[in-house]
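Novice: What shape does this take:
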Amino acid sequence: MGIRHAMDADHVIAVSTMVAIHKNPIKAAIIGAYWGLGHTSTLFIIGLVVLLLKISVDAKITIFMELAVGLMLIFLGIKSLLEKTQAYHQHAHKHEYTEHNHIHSHFEIKKKRSHHESFVIGSIHGIAGSGALMLLVLSTVKSLPAGLIYILIFGLGSIGSMTLISLALSLPYIFTFKKFPGMHKYFMRITGILSVVFGFIIMYEIFSLIF
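Specialist: Just a heads-up that it's a prediction; the model follows:
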């Protein structure tokens, strides 16, 4: 369930907006690991409350979290669309006895999203989607140790899965950055548009349920 949960479309899209700016696959994988840690932290805290108080998660809470996920995807998408990636630099090159100035185009990321941001995004995803189903299952567990082990195994599955997903997602971006730098910004724009569109779809579905 943890592995499957990490593969939810909204999770993959959210992480893809962050790994798109990394030129190093290891750093991109770490982004996914932090997402998984944030996700597991939320589930652990809420799951502990469920186990100790013998309560179930209210459906209204999960709906609110889904709405928050939709807003977050829109925010991440807009941020990705506004990301500054292209810069021009002038370099001096000396050819034999003559020095020439040449203008070169470099793709640089002006801002790097921190691991803390990935952790927060994972935390928001914690009880949305199939994570809420995990908490519902947890409410049927009678033993506190068994419940905590269940959460940790679920969390390890989601951390490992999202780490590998982030690594895989980063490869096309890294390839285009190195081989076709002119296309890299378009890949980022497409990712941003997908995030915004999917965010609005989630919000539309939530409002359809409410009204």
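Novice: The closest residue to Pro25 other than its chain neighbours sits in which helix or strand?
Specialist: Nearest non-adjacent residue to Pro25, counting by C-beta to C-beta, 6 or more residues apart in numbering: Ser170, 5.0 Å away. Glycine gets a C-beta too; all of them are placed from N, C-alpha and C. Using DSSP states H and E, the element containing Ser170 is helix 144-179.
Novice: so the spatially closest residue to Ile151 that is not a sequence neighbour, which of the three states?
Specialist: The spatially closest residue to Ile151, leaving aside those adjacent along the chain, is Gly47, at 4.6 Å (C-beta to C-beta, 6+ apart). Three-state call for Gly47 (DSSP: H, G, I helix; E, B strand; the rest coil): helix.
Novice: Equivalent analysis for Ile21, please.
Specialist: coil.
Novice: Okay, it and Val15: tell me how far apart.
Specialist: Applying C-beta to C-beta, to the nearest Å, the value for Ile21 to Val15 is 12 Å.
Novice: re earlier: confirm for me that the residue nearest to Ile151 is in contact with Ile149.
Specialist: No: under the criterion of C-beta atoms under 8 Å, Gly47 is not in contact with Ile149, lying 10.9 Å apart.
Novice: neighbour-wise, which of these two wins?
Specialist: Higher neighbour count among Gly47 and Ile149: Gly47, with 27 against 12, using other C-beta atoms under 10 Å.
Novice: who's in contact with that one?
Specialist: Contact analysis of Gly47 by C-beta atoms under 8 Å, 6 or more residues apart in numbering lists Leu135, Leu138, Gly147, Leu148, Tyr150, Ile151.
Novice: what's the angle from whatever helix or strand Leu37 lives in to helix 144-179?
Specialist: If you go by DSSP H and E, Leu37 is part of helix 25-53. Angle of helix 25-53 versus helix 144-179, following axes from the mean of the first three to the mean of the last three C-alpha atoms, to 10 degrees, is 160 degrees.
Novice: List the buried residues for helix 25-53?
Specialist: Within helix 25-53, the residues that count as buried by 16 or more other C-beta atoms under 10 Å are 25, 27-40, 42-44, 46-47, 50-51.
Novice: Repeat that for stretch 172-183.
Specialist: For stretch 172-183, by 16+ other C-beta under 10 Å, it's Tyr173, Ile174, Thr176, Phe177.
Novice: gap between the two ends of stretch 122-139?
Specialist: Stretch 122-139 has an end-to-end distance of 22 Å (C-alpha to C-alpha, to the nearest Å).
Novice: State the mean pLDDT of that stretch.
Specialist: The average of the pLDDT scores along stretch 122-139 is 73.
Novice: and if you look at stretch 61-72?
Specialist: The pLDDT scores in stretch 61-72 average 83.
Novice: For that stretch, buried residues please.
Specialist: Thr62, Met65, Glu66, Leu67, Ala68, Val69, Gly70, Met72.
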